[in-house]
Structure formats: structure tokens, C-alpha cells
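[1] need the 3D shape of this:
(chains A and B)
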There are 2 protein chains.
Amino acid sequence: MSPDSPPRDPRDPMSIAMDEARAAAARGEVPVGAVLVGPDGTVLAHAGNAVEAGDDASAHAEMLVMRAAARRLGGPRLAGCTLVVTLEPCPMCAAAAVHFRVGRIIFGAYDPKGGGVEHGPRLFARPDCLHRPEWIGGVRETESASLLRGFFAGLRGR
Amino acid sequence: MSPDSPPRDPRDPMSIAMDEARAAAARGEVPVGAVLVGPDGTVLAHAGNAVEAGDDASAHAEMLVMRAAARRLGGPRLAGCTLVVTLEPCPMCAAAAVHFRVGRIIFGAYDPKGGGVEHGPRLFARPDCLHRPEWIGGVRETESASLLRGFFAGLRGR
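    Here you go, the predicted structure:
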């Protein structure tokens, strides 16, 4: 898909992210999915967690879509873009969103233990934060949290 | 580094990291270099910043060596490994070191504006930090800071 063409996927970005989360769970990954939407609404990238598959502890869904979208746009910045993700970003992903200059973050479930936006170091609220994406959390929170709970319950039941 | 298994590269890891930082500057990247040393002292990976070359704002030297070393070891964790880097890691890289379970971080210059270990959110000092690498900062601090100062002075002089 070229950056200026409309998204061919008829689903809304959070639904695409949820499908990526489900696909990640099916691969044995923590079920988190993400989508990077361009300033004009084009879906630039979508991915699910790939930590185990890629032998890469940094391969969170958010990192994968930010990197893929920037590669596609041909520069290291994502100004005006929106990161849509099923779970509150961790400090690594939140800090990466600052480096990429992401404009907005929409996330699903809150993550009191591992989150870095509304929990933990709350990176965007810090006075030393060099760029502050807008963000909104709790979007389709129950659906996302239920996916995660199901996955971890399944692990414990093994 | 264990005394009975010297790295094949005759330079010590911080010297390799400094050379990577100088090579990054020559490519127009912010001059930061990093090395990932295995539990037995083997140099598993070394890299310099590649943000501009890779259209990837997350391509800090630390991220590149952690990912490369994990790929080489065949798993997403770097337990017992040491990350050697010429500059204090930013919050993204510090948080990634937690995810990779890096054992130890040795860094050069302190980064009061962008650092995440001894400055900013001080991630490893937080009670909610899930894994705490040991760290020591200020190693060959002057040499590393001088590289950075020279680079930014050059940019301003353009």
C-alpha cells in the first residue's frame, strides 16, 4: 500500500490491532497487537508481539509497527501519526514513541504493572519529556484485558 | 570479563564502543557506540547509532547490539551479559535492557538531558522495575563527552 493510498482494510485500526493480538497468542506470544496510522488515516503497518519468534525481547508490537512505518515513510520520524495498541505501552515503547515523534497513542487495557504512560514512570508526564504524544487509554479495554487474561490463564493451566 | 576467555578483538570493549561512536559520527549519526559482551567475555555484537541510515528512531547503538546478541545466542534474554556503551542509556534503551535481562551496564558520559539510568526517570531505581542490571557510569567519560561535543559543535558550525 503506498503511503498516500486509502487503507484497503475495512476494519477500524483497533480491530486490526485486536486481530494481531489474537494471532500473536496463537503463536505463543503475549497477545498484544498494534497498528500505525498515518496522518491521512492510512494504515502504514500492523503487527503483533514477536519476542519469542524473533529472539528479540524488544520486539513488542508497538516497536515493530513504528519501525515498519518509518521505513515505509522513508525517515526516522512519525509526526502526525497515531499508534493504536491493545495494551498500555511499556516504558521502552513509550520512550520509543517520543524518539519517533508519534503524534497520538490510543491504547486498550491499562497495565498497572508494566505500563509506562499512565503507570510506572509515566514518561509523558515528566517535565524532562522531549516530545509528548497525546494519548487516550481504555479503548475497548475489556476485550483487550480479556485476551491477556485468557492467555496467561492458559499458561498457568499447562 | 572472565580472565580465562579473552575476547578475540584485542581492544577492550569500551575501546570498541568508542570506535563505533567515531564511525557513527563519520556517517552523520550521533556518535554513540555500544558492545554486548557475553558471560564468558566474548564480544557478541558491536554497533554505532544508525537512526538516520536505517530510518529508525529506535536504532540506538544499545538496541542494535542487544538485538544482535540475542539473535546470536538464539533467545530473547541476555542473562549474565554486559552492555558497554559510550553514553548513559536513554529510557528506551534502559527499559529494553530490563526486557533483555541484561546483567550489567557500563557506560561512558552521563546524559543529564536524555539519560534514563542516573537521570530522568531513573528506571532501575524505581520500585516497580522488574529486573535491575548492575551499572557503572562515567567510564572514560571525558573521551565520550568530547566526541559528542565535537559532533554537535560541527553541526552548529554548518
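[2] least trustworthy helix or strand in chain A by mean pLDDT?
    Counting by mean pLDDT, DSSP states H and E, the weakest-scoring helix or strand in chain A turns out to be helix A:141-156, with a mean of 91.
[3] and for that one, what's in contact with it?
    By C-beta atoms under 8 Å, 6 or more residues apart in numbering or on different chains, the list of residues contacting helix A:141-156 from outside reads A:Met18, A:Ala21, A:Arg22, A:Ala25, A:Val30, A:Pro31, A:Val32, A:Thr86, A:Leu87, A:Gly108, A:Ala109, A:Tyr110. To be clear about C-beta, it is placed using only N, CA and C from the backbone, and glycine gets the same treatment.
[4] using the three-state scheme, assign the fifth one.
    Classification of A:Val30 by DSSP: H, G, I helix; E, B strand; the rest coil places it in coil.
[5] what count of nearby residues applies to the residue lying closest to it once chain neighbours are set aside?
    Leaving aside its sequence neighbours, A:Val30 sits nearest to A:Asn49 (C-beta to C-beta, 6 or more residues apart in numbering or on different chains; 5.2 Å). The tally of other residues near A:Asn49 (other C-beta atoms under 10 Å in any protein chain shown) stands at 28.
[6] quick check: pLDDT value at A:Val51.
    For A:Val51, the pLDDT comes out at 97.
[7] and it, what helix or strand is that in?
    Assigned by DSSP states H and E, A:Val51 belongs to no helix or strand.
[8] how far away is it from B:Asp56?
    As judged by C-beta to C-beta, to the nearest Å, A:Val51 and B:Asp56 stand 18 Å apart.
[9] repeat for A:Ala153
    For A:Ala153, the distance to B:Asp56 - C-beta to C-beta - is 36 Å.
[10] over to A:Ala17?
    21 Å.
[11] do A:Phe100 as well
    Distance from A:Phe100 to B:Asp56, by C-beta to C-beta: 9 Å.
[12] who has more neighbours, the two?
    More neighbours surround A:Phe100 than the other of A:Phe100 and B:Asp56, with 28 against 23 (other C-beta under 10 Å).
[13] residue contacts, the more buried one?
    Counting by C-beta under 8 Å, 6+ apart, A:Phe100 has contacts A:Met66, A:Ala70, A:Pro76, A:Arg77, A:Leu78, A:Cys81, B:Ala57, B:Ser58.
[14] redo those residues as CSV? Include distance to B:Arg149 and neighbour count.
    Listed next are the contacts of A:Phe100 as CSV, based on distance: C-beta to C-beta, whole Å; neighbours: other C-beta atoms under 10 Å in any protein chain shown:
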residue, distance to B:Arg149, neighbour count
A:Met66, 30, 29
A:Ala70, 28, 26
A:Pro76, 23, 22
A:Arg77, 25, 16
A:Leu78, 29, 27
A:Cys81, 33, 27
B:Ala57, 22, 23
B:Ser58, 24, 26
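[15] out of these, which comes closest to B:Leu44?
    B:Leu44 lies nearest to B:Ser58 out of the contacts of A:Phe100, by C-beta to C-beta, at 19.7 Å.
[16] residues contacting the closest one?
    Counting by C-beta under 8 Å, 6+ apart, B:Ser58 has contacts A:Ser58, A:Met63, A:Met66, A:Arg67, A:Ala96, A:His99, A:Phe100, B:Met92.
[17] strands of chain A, start to end?
    For chain A, the strands defined by DSSP state E cover A:33-37, A:43-48, A:82-87, A:104-109, A:134-136.
[18] mean pLDDT and distance to chain B for those strands - can I get that in TSV?
    Conversion of the strands of chain A to TSV gives the following (pLDDT from 0 to 100; distance: least, C-beta to the nearest C-beta, whole Å):
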stretch	mean pLDDT	distance to chain B
strand A:33-37	98	13
strand A:43-48	98	13
strand A:82-87	98	13
strand A:104-109	98	15
strand A:134-136	97	16
